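Visitor: Show me how the following folds:
(one chain, ligands or ions: 1)
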Amino acid sequence: MRAPKYQAMGIPEETVLDLLSQESERYPEHRALVKVVRRKLHNIMAPYLEELDYAQASDWLKGLSVDSDLSAVKDVCSRILSSHASSRERMPFLETFYAQIFAVIGKPTSILDLACGFHPFSFPWMGLPPQCQFSAYDIHRPRIQLINQFFAVMGLAPLAELRDVLVSPPEQQADAAFLFKEAHRMEKRNPGCNRALWVALKVRYLLVSLPSTDLGGTHDLAEKHRSLVYTTISGLPWKVTEIVFPNEIVFVLDKGGMG
Ligand SMILES: C[S@@+](CC[C@H](N)C(=O)[O-])C[C@H]1O[C@@H](n2cnc3c(N)ncnc32)[C@H](O)[C@@H]1O
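Guide: I've put the predicted structure just below:
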């Protein structure tokens, strides 16, 4: 696990320990265990989805300030969002994405963005004030550092944190949590793990989004992913509203209280 590639990503120790303990029963032999944990880490970090030069992106952000025009901020954010497959696919409908979501849940004043990737760089499209408590969590250290640099530009508090949300779900209350385009991969890491996370979150609304087609756009995944959501919440009295976008379905789960 000491490979330079993973060290550069700054993966939290809790993630590696969790994988080791989860797989050690099935793979008691050390080399086989390391191999399977490396493979799982590769799938979790999904390095193949991203092409960003972090030093260059940090320089782009240094060129902005809290007084910058929204169009200049959006220009830099678009470049960063376009460098990752998950957020790139959302670009064509970003202008209406949050209006449609907030029409269902209202404008949140506090948000937990779980397994955030570059999604916080969409903040300028949300129409929310800088007083919004926007907490973001990921297991990739350079990404978290870049997000906090960006939050300073937006006048937001530096609430991006390196944290494995499956091992340590955030404990603070919020109006809404976003878990975008990652729940299906979390199921691969540990089948059934989503339910404990979703139940633990102290939010009124949990928004889970899943891709409705594969990356190549050829396979329809809508029914498979719908089934993941409804199986995960089976027996829970949560109300579900589906918002369908061209390649992504947002499942708005109304937990009816703070969980
Ligand atoms: C598909 S990408 C980003 C998706 C992003 N939410 C979006 O829709 O644009 C998934 C991200 O989740 C992060 N991640 C995966 N498992 C995680 C975990 N257990 N806790 C926190 N972050 C995680 C990865 O490092 C990666 O940045």
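Visitor: do you know how far residue 96 is from residue 194?
Guide: Residue 96 sits 27 Å away from residue 194, going by Cβ to Cβ, to the nearest Å. Heads up, the C-betas are built off the backbone N, CA and C, glycines and all.
Visitor: Between those two, tell me which one has more neighbours.
Guide: Set side by side, residue 96 and residue 194 give different neighbour counts by other Cβ atoms under 10 Å, the larger being at residue 194 (22 against 11).
Visitor: what's the single longest strand in this protein?
Guide: strand 203-211 (DSSP state E).
Visitor: counting contacts, what elements does that strand pack onto?
Guide: If contacts are counted by 3 or more Cβ pairs under 8 Å, 6 or more residues apart in numbering; DSSP states H and E, strand 203-211 sits against helix 94-105, strand 174-180, helix 183-189, helix 222-232, strand 248-254.
Visitor: How about residue 22: what's its closest non-neighbour residue?
Guide: With Cβ to Cβ, 6 or more residues apart in numbering as the criterion, residue 22 has its nearest non-adjacent residue at 6.1 Å, and that residue is residue 190.
Visitor: give me the number of residues near residue 136?
Guide: 28.
Visitor: Tell me who's in contact with it.
Guide: With contacts defined as Cβ atoms under 8 Å, 6 or more residues apart in numbering, the neighbours of residue 136 are 112-113, 116, 119-120, 144, 147, 159-161.
Visitor: so which of those residues is the most crowded?
Guide: Taking other Cβ under 10 Å as the neighbour criterion, residue 120 ranks highest of the contacts of residue 136 with 30 neighbours.
Visitor: and the gap between the spatially closest residue to residue 245 that is not a sequence neighbour and the ligand?
Guide: If you skip the residues right next to it in sequence, residue 245 has residue 93 as its closest partner in space, 5.6 Å away by Cβ to Cβ, 6+ apart. In this structure, residue 93 lies at 13 Å from the ligand, with Cβ to the nearest ligand atom, to the nearest Å as the measure.
Visitor: Also residue 114?
Guide: From residue 114 to the ligand the distance is 6 Å (Cβ to the nearest ligand atom).
Visitor: I'd guessed that residue sits against residue 179; true?
Guide: Yes - counting by Cβ atoms under 8 Å, a contact exists between residue 114 and residue 179, whose distance comes to 4.6 Å.
Visitor: residues in contact with the residue of the chain found nearest the ligand?
Guide: Residue nearest to the ligand within the chain (Cβ to the nearest ligand atom): residue 117, separated by 2.4 Å. By Cβ under 8 Å, 6+ apart, residue 117 lies in contact with 84, 86-87, 138, 143, 180-182.
Visitor: How many residues are close by residue 234?
Guide: The local packing of residue 234 (other Cβ under 10 Å) involves 8 other residues.
Visitor: mind starting the numbering at 55 from now?
Guide: Yep, numbering from 55; the last one is residue 288 now.
Visitor: Sketch out the low-pLDDT regions of the stretch 155-304 of the chain for me.
Guide: 268-273 (pLDDT under 70).
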